[in-house]
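**Student:** Have a look; sequence and predicted model below, questions after that.
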Amino acid sequence: MPTMDVEKLWQSYSITKDKSIKEKLIKNYLPLIKHIVSRINISLPHYLGYEDLISYGIFGLMQAIERYDVTKGIKFETYAYARIKGSIIDELRKLDWVPQGTRKKAKMLQEAFSELEQNLGRSVNDQDICKYLDIDIKQLHDIYTEVKAFSGILSFDDLISFEDVRQFSIQPDIQAEKEEIKNILGNAINKLPPREKLIITLYYYEGLNFKETARVLNLSQGRISQLHTKAILRLRGHLSRKRVTYYDKGG
């Protein structure tokens, strides 16, 4: 739909809240939902399929349309992205389909990255993790494989969800916390090993999918997925540690 026509729909909907206009807006933004679903890198359980994720996304899109304020001057796609993905992830979490053991392993790795990098003052490698956890490299790679199966939930977007949810707030304390989190995350990304940093940049900032990223870096999609998982575990560990420090200081 041409941009001018969409703007007219928004103008009409903001005044009338007409259901037929809302349906036209939903239809217009369905490609955004499909794009988000295509970027959620998870292995779905047998009873879930692509259409299920689309339906979860539509629910988030409907909420975004209802709550969007055209006077804020922020693109609807920017506002809706977080709500659509959040709706999909929330529904998947309600199903609780990720085994508890897998969740524990993800947390174990996150804590290992956090503690080792804090103690050693550098980015740690697989050998460091193996020594810390007293496992061999094959066992570690098996854990990575298990954990990356739900890396669409173990995602970068979760790290910045605070910013997404509160992006329209002008309260000074919330603005200060947003800036602190952005600074912490930015510093953590800069400290990632080069390939992990590049993958985060290409995937989240340049919009490439894993297949495209693999082609750019001349690596397999499986390897890209593993490096993405490692980067997210590092970032989650770093952010959780720094946020605790921030709050302890009364931030």
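**Tutor:** Yep, that arrived.

**Student:** for the longest helix out of those in the chain, the distance to its chain's centre please.
**Tutor:** Secondary structure assigned by DSSP state H gives helix 221-248 as the longest helix of the chain. Chain-centre distance of helix 221-248: 11 Å, with C-alpha atoms, centre = their mean, to the nearest Å.

**Student:** Which strands or helices does it pack on?
**Tutor:** helix 100-120, helix 137-148, helix 156-159, helix 172-190, helix 194-200, helix 210-217 (3 or more C-beta pairs under 8 Å, 6 or more residues apart in numbering; DSSP states H and E). Glycine gets a C-beta too; all of them are placed from N, C-alpha and C.

**Student:** closest to Tyr29 out of those helices?
**Tutor:** Evaluated with C-beta to C-beta, the helices and strands packed on helix 221-248 place helix 156-159 nearest to Tyr29, the distance being 18.2 Å.

**Student:** picking up where we left off before, could you save the helices and strands packed on helix 221-248 as JSON lines and add columns showing mean pLDDT, mean neighbour count and distance to Glu77?
**Tutor:** Converted to JSON lines, these look like this (pLDDT from 0 to 100; neighbours: other C-beta atoms under 10 Å; distance: least, C-beta to C-beta, whole Å):
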{"stretch": "helix 100-120", "mean pLDDT": "89", "mean neighbour count": "16", "distance to Glu77": "30"}
{"stretch": "helix 137-148", "mean pLDDT": "90", "mean neighbour count": "16", "distance to Glu77": "28"}
{"stretch": "helix 156-159", "mean pLDDT": "56", "mean neighbour count": "18", "distance to Glu77": "15"}
{"stretch": "helix 172-190", "mean pLDDT": "70", "mean neighbour count": "14", "distance to Glu77": "20"}
{"stretch": "helix 194-200", "mean pLDDT": "93", "mean neighbour count": "18", "distance to Glu77": "21"}
{"stretch": "helix 210-217", "mean pLDDT": "91", "mean neighbour count": "16", "distance to Glu77": "20"}
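
**Student:** Could you export those helices to TSV, including columns for distance to Ile224?
**Tutor:** Below are the helices and strands packed on helix 221-248 laid out as TSV (distance: least, C-beta to C-beta, whole Å):
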stretch	distance to Ile224
helix 100-120	18
helix 137-148	10
helix 156-159	14
helix 172-190	17
helix 194-200	6
helix 210-217	5
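
**Student:** quick one, what contacts Leu109?
**Tutor:** The neighbours of Leu109, taking C-beta atoms under 8 Å, 6 or more residues apart in numbering as the test, are Ile129, Ile143, Tyr144, Val147, Leu233.

**Student:** If we use 10 Å, what do you get?
**Tutor:** If a contact means C-beta atoms under 10 Å, 6 or more residues apart in numbering, then Leu109 has 129, 133, 140, 143-144, 147, 154, 229-230, 233-234, 236-237 as its contacts.
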